[in-house]
Each structure stands twice: as C-alpha cells, then as structure tokens.
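# show me the folded form of this:
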Amino acid sequence: MAEDRELRVRALLDSVRAEGRTALTAPEGKVIADAYGIAVPGEELATDVDEAVAYAARFGGPVVMKIVSPDILHKTDAGGVVVGVEGAADVRAAFHRIIENARGYNAEARIEGVQVQELLPKGTEVIVGAVTDPTFGKVVAFGLGGVLVEVLKDVTFRLAPVTADEALSMLDSIKAAEVLRGVRGQAGVDRWAVAEQIRRVSQLVADFPEIAEVDLNPVIATPEGAVAADIRIILADQVPAARRRYGRAEILATMRRLMQPRSVAVIGASNEPGKIGNSVMRNLVDGGFAGEIHPVNPKADDILGRKAYKSVTDVPGEVDVAVFAIPARFVAAALEEVGRKRIPNAVLIPSGFAETGEDELQAEIVAIGERYGIRLLGPNIYGYYSTWQDLCATFCTPYDVKGGVALTSQSGGIGMAILGFARTTKTGVSAIVGLGNKSDLDEDDLLTWFGEDPHTECIAMHLEDLKDGRAFVEAARNTVPRKPVVVLKAGRTAAGARAAGSHTGALAGDDAVYDDILRQAGVIRAPGLNDMLEYARGLPVLPTPQGDNIVIITGAGGSGVLLSDAVTDNGLTLMEIPPDLDEAFRRFIPPFGAAGNPVDITGGEPPSTYEATIRLGLEDPRIHALVLGYWHTIVTPPMVFAELTARVVAEFREQGIEKPVVASLAGDVEVEEACQYLYERGVVAYPYTTERPVAVLGAKYRWARAAGLLGGAS
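The predicted model follows:
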C-alpha cells in the first residue's frame, strides 16, 4: 500500500519536473493528498463554464471556485477565489470573473481551468505545513491559519516525520491552544483528526526530499474532523547533498584521543615570546600536562627545553593531537604530513579561512582531512582546555579549576568571556572548547563525547548556527536524560529574512524553528550569554526536584511579590498551601506577617524565624522546592542568614532530603559574600536580583521535565 502510494506520487512529481515547474496545481495537490490520506473536500477541475455549472450542481450546495494555474501561486491575491457560490447563474458569473481577474493579474499565465470545490462548514481555521529548513531539514508546522496566519504567527515546529503523540503535542504548543479545546460554550475541535493531518504531511515530506514546502491552509477543524480547504506544494530547485556523518563509536573513539591525549605535537612551536606557538607550548608545559609534548619547527632544535622536530613525521611513536600554530597558507601542506603520520585530530588555531572569504583554502583542508581520516577542530579558534588532563592547548590564559561544566563557543571573544566568568565565579569546568569555523568537528561531536564523559555534569554551548541540526538533536536526545544541555543561540533577530513560496515558508524564520526544535530535543535555551553561564554554573549545584510545588519564604513583602512574578515567568507553580501547613507556618511568624504563599515572615524577625520556616519547608514532603527572599537587617545579618541556611540544608541532605533551594538577597554589600558562601554550599543565591535565582531554578525544572524526571510537558 505504502509502496503503491509512493509510486503514484513519484510519477506525478516526475511529470511536474519534466515540464520545468516547481509548483503543483491544486488538482495535482489533491492527487497527492488522496495518496497520503490527507483529508480534502470533494472537488473537480472545470475547463469551461458548463462543466463548472455541472460540477457545482453535483455537489448540491454552496461551492468555492478557484483559479487553477501553474503560474499563479497566490490565488487570493490574483482575485482567483470566490467563496459561497450557489446556483447556475452565480457559478457562470464567478467562473468568468475568476478567469478575467487571473488574466489581469498575469496576462502570460497558463490557465488550466477553475476548481469547483465543496464549501466546508464553518470551524476553526488552522494551518498545517512543512518546509525545508537549512539547518534541520524537513520540518512540519502547525498553527492558527487563514488569511491572518502571517500576521498572528502563532505557529509551532517539529522535525519531520512526527509520531502521533508528537503531532498531538503541537496542538498544545501554540498560544491559542485553548481555542482548539473549545471556549465560550463552543465544542473543541477533533484533535485526533488535526493531528493526523500533521502526521501525514510530515510523512509526505520525509518520503520525498524534493518537496520543499507544503501548505494546507486553511484546514477547517470542527468537532467532527479536519479538512484542508487548500493544498499548495512547491518543489525544490535541487536537493542538497547529504553531509558526511560519523557513527557514534567513531566519534567517541576520536574524541577520546582529542580530550584525553597521551601525546600532543605543536606545529609551529616557538621560543619567541608573543608568538602563538610559544603561548601554546608554555600553556601545555606550565599547565602540567603529563603526556608527551612534541614541538615541531624546521628552524629550531630545542623549544622550551624539549627536542624540536623538523616535521611531524619525524616525531617518534603515536601522536593523538596535532595543534597548528602556523599561518593559514602553510596549513594544508602540514596537514598532509599529519595525515601520513596517521594522527587522528588536528586543532587548527590559525585564522584566514572561510571567515575571511578564503572558502577554497578551507575546502582544501577539509578534503585532506577526509582523505586521511583526520578530524579537524576549527580553524579560527583559541584552542581548547581539557582540565582533568591538565591540558591547556590554547594561546589564551590558562584555567585549571576542575569541575563538572563543559563549555563550548563558536566565537573566540565569547570563549574569553566564558573563561573570565569561570574564573570570577570559581566555576569548576571539565572542558572549554573553541569551535570557530566548524570545518569538521562541531557541537554534535562534542555533545556525544560530553554525554559519556564521567567528569562532565552539565554542557553549555554558544553557537551561531548548526551545520547539521538533526545530528545535534539526536546527540541532545541521547544526552539530556542524563545531563542538562544549555544552548545560547546567537542571531535571534535575523529570523525570517528569506523569500518563501508558501505561508509555512514565510513563517519558518530561522529562530522560530530553532526555538521549537531545541525545546523538542530537551535543550534549555538561554536568552543571553550571562544566562547561559549562570545556568551552567547553577544546574549541577541544585538537586533534581521531585514535584512542582514551590514555596517562597521571604523577609520582605516586596521581594515576595517580585519572586512570585519570577516563578510565573519561568513556568513554575506556586504551591497552594493546605490549611494544616498554613497553620504550621503561622506558628513561627508574627501576627502582622502573612502565611499563604509567599510566606512573609517580615523583616524584623530573628534568625530563629528564618531557620524554623526553612526547616518546615524542607521537612514537609508536599513542598518540592524553596525560594528564599532575604532582607538585610541588623537583627539577622547577611552572613548569619547564609550560615544558618547552609547548615539546615546540609543537615537535611545528610538525612537524604534533597530539594532545590535558591535565594535572593537584598541588602548592602555584605550580601555578596553571603551569596558566595551559600553558592559554595549548594544554595543558588544572588544579591540584588529576584529574577536570576528563580531563572536558574526554572532551568533546572525544564531539564527535569525534558529528562522525564518530573511530570508534565517541557
């Protein structure tokens, strides 16, 4: 059955191609819709006015009449659509008017006739479509439809093909989800029927890569079903070549030698201070790398007390990594020698490749890498740090605070910002890696490695683009159930600039697709650089929540209101305090305080009140996370608050009770030291902000949901 269906569609698409067309006519679209079970109304193609009258009479009721021309894509713009036509006289008049409007719109257009279509009942207009995204390939879209679709832009995207469950989830992912469930006494739409339209369109574009865009707009969704009033299909000028992919085992084998090398060669090593080759050598030697370090320089015999080699081929034994610190024009020849030496990894620090318009030079090194099986990191990078190996293969400042956060960046400047943040906040890192031009190794390779690396607990990535979005999603889906993945995607404001032949294409701006598909993959998207870094720093500190109930305990009413707003803004849930718990809290707060949620203990309370209420929040199993709002007073100074909070949290963790606790501290400069003290002891705390601690908590919740560790959708 599926094979017959595909043969019918293949024959039709081949005939359209043979005519030199990329847009299918409406009758051709119906052939494909019928083949894939996409529900469309009854319709016929009338080549003259008498046929139109006969077809309309056969349908028995009002009809829609539309121009059919391979040269007119946007029929409404051409005045080529008339709705609600009934009776022979009106059909004749509409037929002539449509033809006349079409000729006025485009005198050269080929006109095949007028489509006479059953008029669908009134319902909710939605759009179902698909588009070929340059990063993610075939993507299916769903949202509110009709003539205002590009104004409302209430659309969500998923990788195609989708499962039935994924298709259903799309109905809940738009802002107008409530409309589909039924509002103001109106019945909701047939959700299964709408989801089936989505699923079938997604399967169509997955089966036929040459289909660039599909529009079902509008789909009339009613309690009884979902029928596409119009179908538009556009073919691609050409199908992009498939990117070379490596298997998971291949990636892990190469990455292990890159991140845990026993021997490193530095091509372009130098004794001259100020040169990149000197900085790389000094960082490797001074950083304490325990493996072999081989300087390569044809003009030196000795570099930093180590024997220098004229060529990398002269280096004895196996070498795991070759770090390049030579000008771009010499890289290709040296890479050939790396290939002959059978070195699996080349770290290309030099700039002067595709980022400066030297695309051919970059293509040459990629070809050499593929020929010899060398994986290339870069070019145009600052290098990389593998802290657990005491490896600093970079010309930037060294960093040796070992920990569980892996950080990557496509930009050298962002890489240095990452380094400075890590140093200032004393964030322990497992690796910092520059990706630069991503001629070969990219985020999905690193994600595959960090997902398995026992030293890495959280991965944070700055990226400007993804070379292969599907490979990244696959790697993320494998990693997220075990470790959070945070992404800062640059270039959000450049979305939607490309020309498109369909509503779906126009709606599929780069950022809109990235946003939905990264969420689909379980990735936490950070709105800015500092957010990415703070999430990466905080997520390993916080325990995984066991439920949605969040309680705010605050010494300041104003902070309580702002913290409540932050909870809502981050998609979190304030617990509805049951009467017995409300009464328990009231026992510890003054009469002029306020129980409920937030629990306002007021600012003049002694440390014992903070301690008693925090204890209650930790010991009651119905509460799953605490947000603390501290207000600086002489009665309870900042460090007193910090010490008591850290002590109580530690005490409960020793008993096996681990809940996320975050804190916002308002006060004079002493609160900064108090926050640092708390952070180092497992409480994510920030001075002068109510938003930041709750945002980190929200990120932890988003990961827990995506990882399947908490009920509810991500």
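# can you give me the strands in the stretch 1-150 of the chain?
Taking DSSP state E, counting those that start in this stretch as the criterion, the stretch 1-150 of the chain contains strands spanning 43-46, 63-68, 81-85, 113-118, 124-133, 137-144.
# need these in TSV (columns: mean neighbour count).
Glycine gets a C-beta too; all of them are placed from N, C-alpha and C. Listed next are the strands of the stretch 1-150 of the chain as TSV, based on neighbours: other C-beta atoms under 10 Å:
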stretch	mean neighbour count
strand 43-46	20
strand 63-68	25
strand 81-85	17
strand 113-118	25
strand 124-133	26
strand 137-144	25
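# dump the ones you listed to JSON lines, plus distance to L7.
Rendered in JSON lines, the data for those read as follows (distance: least, C-beta to C-beta, whole Å):
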{"stretch": "strand 43-46", "distance to L7": "23"}
{"stretch": "strand 63-68", "distance to L7": "25"}
{"stretch": "strand 81-85", "distance to L7": "32"}
{"stretch": "strand 113-118", "distance to L7": "25"}
{"stretch": "strand 124-133", "distance to L7": "21"}
{"stretch": "strand 137-144", "distance to L7": "20"}
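# out of those strands, nearest to E213?
E213 lies closest to strand 124-133 among the strands of the stretch 1-150 of the chain, at 5.2 Å (C-beta to C-beta).
# now that closest one: average pLDDT?
When pLDDT is averaged over strand 124-133, the result is 93.
# for stretch 304-324, same thing?
97.
# among the strands of the stretch 1-150 of the chain, which is nearest F289?
Comparing the strands of the stretch 1-150 of the chain by their distance to F289 (C-beta to C-beta), the top pick is strand 137-144, with 40.4 Å.
# partner strands of the closest one, with direction?
Using DSSP bridges, the strands paired with strand 137-144 in its sheet are strand 124-133 (antiparallel), strand 155-159 (antiparallel).
# from start to finish, how long is stretch 161-178 in a straight line?
Taking C-alpha to C-alpha, to the nearest Å, the span from the opening residue of stretch 161-178 to its closing residue is 25 Å.
# residues of that stretch that come out buried?
Using 16 or more other C-beta atoms under 10 Å as the burial criterion, the residues of stretch 161-178 that qualify are 161-162, 166-171, 173-174.
# narrow those residues to those in strands?
Among the buried residues of stretch 161-178, DSSP state E puts none in strands.
# so which of these is the closest to P590?
If you rank the buried residues of stretch 161-178 by distance to P590 using C-beta to C-beta, S173 comes first, at 45.5 Å.
# close enough to count as contact, I343 and F324?
No. At 11.2 Å, I343 and F324 do not qualify as touching, with contact defined as C-beta atoms under 8 Å.
# of those two, who's got more company?
More crowded of I343 and F324, by other C-beta atoms under 10 Å: F324, with 31 against 25.
# bridging residues for the more buried one?
Here F324 sits in beta bridges with I267, L348, going by DSSP bridges.
# run through the stretch 601-714 of the chain and note the low-pLDDT ranges.
Applying pLDDT under 70 to the predicted model, the residue ranges of the stretch 601-714 of the chain that meet it are 711-714.
# so where's the stretch 151-300 of the chain shaky on pLDDT?
Across the stretch 151-300 of the chain, the ranges flagged by pLDDT under 70 are 151-152, 240.
# could you pull out the strands in it for me?
Listed in chain order, the strands found in the stretch 151-300 of the chain under DSSP E, counting those that start in this stretch are 155-159, 211-222, 225-228, 231-235, 263-267, 292-296.
# for Q186, find the nearest of the ones you listed.
strand 211-222 (10.3 Å).
# tell me what that closest one is packed against?
Contacts defined by 3 or more C-beta pairs under 8 Å, 6 or more residues apart in numbering; DSSP states H and E place strand 211-222 against strand 124-133, helix 191-207, strand 225-228, strand 231-235, helix 503-507.
# out of the ones you listed, flag the one nearest K438.
K438 sits nearest to strand 124-133 of all the helices and strands packed on strand 211-222, at 17.7 Å, using C-beta to C-beta.
# quick one on the thing from earlier: what's the closest of the strands of the stretch 1-150 of the chain to A536?
Shortest distance between A536 and those, using C-beta to C-beta, is found for strand 124-133: 27.1 Å.
# dump the strands of the stretch 151-300 of the chain into CSV; add mean neighbour count as well.
As requested, the strands of the stretch 151-300 of the chain are exported to CSV (neighbours: other C-beta under 10 Å):
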stretch, mean neighbour count
strand 155-159, 25
strand 211-222, 26
strand 225-228, 23
strand 231-235, 23
strand 263-267, 25
strand 292-296, 24
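# ok, which of those strands comes nearest K467?
Relative to K467, the nearest member of the strands of the stretch 151-300 of the chain by C-beta to C-beta is strand 155-159, separated by 15.9 Å.
# the inter-axis angle of the closest one versus helix 191-207?
50 degrees (axes from the mean of the first three to the mean of the last three C-alpha atoms, to 10 degrees).
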